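A.B. asks: this one's sequence-less:
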């Protein structure tokens, strides 16, 4: 006998600009956060940091991104991924002249709160520029630890 399974629609939440990157978070039923991000050309990433508890994965779906992972620089291109275990120093940025689109997963669930609190709603005028304003950068530096983002400069 066939039993129809209930399907769950992944609802799109509001897109936000976070430190120069456009991030759209998706609700999930699992113990992970799922984001789709777009990084314009020549945009740096967050300061070098690590997470004590979060595992993080990146899947590049368009363009390329340069990653710094535990002292090693890696260029990850469309169709490639990088997996960041907890306590691993890392950062990333789009050093190319083309935009980059990527999927980001944090596990366990919880890091999405950083994007929600630090992000500038995408519909606001000049949202990308506002997301890298000195007062936002200062706020990130002061509060990152509250999100298990340990900045190492």
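C.D. replies: Thanks, I have the structure now. Quick caveat, the model's predicted, so the values are computed rather than measured.
A.B. asks: what's the closest non-adjacent residue to residue 92?
C.D. replies: The shortest distance from residue 92 to any non-neighbouring residue, by CB to CB, 6 or more residues apart in numbering, is to residue 45 (4.2 Å). C-betas here are computed from N, CA, C, even on glycine.
A.B. asks: Can you pull out the residues in contact with stretch 132-141?
C.D. replies: Here stretch 132-141 makes contact (CB atoms under 8 Å, 6 or more residues apart in numbering) with 19-20, 46-47, 118, 120, 130, 151.
A.B. asks: Mind picking the two most distant members of those?
C.D. replies: Spanning the widest gap among the contacts of stretch 132-141 are 130 and 151, at 20.8 Å by CB to CB.
A.B. asks: Double-check that residue 140 belongs to a helix.
C.D. replies: Yes: counting by DSSP: H, G, I helix; E, B strand; the rest coil, residue 140 is part of a helix.
A.B. asks: Burial check on it, number of neighbours?
C.D. replies: By other CB atoms under 10 Å, the residues close to residue 140 number 22.
A.B. asks: Relative to residue 27, how far out is it?
C.D. replies: From residue 140 across to residue 27, the span is 24 Å (CB to CB, to the nearest Å).
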